[in-house]
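Engineer: Mind folding the following:
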Amino acid sequence: MYKDIISYELAENVSVKHLTTVAKKVVNNWMKKQPGFKKWEIHSNNDGTYTDIVYWASKGDAKNAEKEMGNIPNATDWFECYKQGSISSKNLTLIAEL
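Structural biologist: Next comes the predicted model:
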């Protein structure tokens with residue numbers, strides 16, 4: 001299992017409800033069609049920021065989907081949810097589940 005971890009702040013005047021509505025559209029119209037996509041979780045942090053965890057079957061699946069991001073329907077709606085310059089990411093590869 002491979003995980004993309006994305007941390008960010010919401011853009012001004014973007015509500016959590018709007019974020020989740022747009023995210024559901026992205027999942028249903030694009031992510032579910034990507035090979036290896038498992039699920040996308042959105043978490044709120046104590047400091048007012050957010051962290052998303054996107055689960056993939058493999059690193060290769062995640063990287064292939066990343067290359068296809070330009071094909072996301074209504075991608076502008078999604079990208080406008082994030083405060084410019086606030087996005088950071090890292091990746092995790094599961095080595096053991098105990």
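Engineer: shouldn't residue 54 be in contact with residue 6?
Structural biologist: Yes: between residue 54 and residue 6 a contact is recorded at 7.2 Å, counting by C-beta atoms under 8 Å. Glycine gets a C-beta too; all of them are placed from N, C-alpha and C.
Engineer: more crowded one of the two?
Structural biologist: Using other C-beta atoms under 10 Å as the criterion, residue 54 and residue 6 rank with residue 54 on top: 22 against 17.
Engineer: so which helix or strand takes in the more buried one?
Structural biologist: Taking DSSP states H and E as the definition, one finds residue 54 inside strand 50-56.
Engineer: just checking, what packs against that strand?
Structural biologist: Contact here means 3 or more C-beta pairs under 8 Å, 6 or more residues apart in numbering; DSSP states H and E; on that basis strand 50-56 packs against strand 2-8, strand 37-44, helix 59-67.
Engineer: Give the stretch among these with the greatest mean number of neighbours.
Structural biologist: Mean neighbours per residue, mean count of other C-beta atoms under 10 Å, is largest over those for strand 2-8, with a mean of 17.
Engineer: who does that strand pair up with?
Structural biologist: The pairing partners recorded for strand 2-8 under DSSP bridges are strand 50-56 (antiparallel), strand 88-93 (antiparallel).
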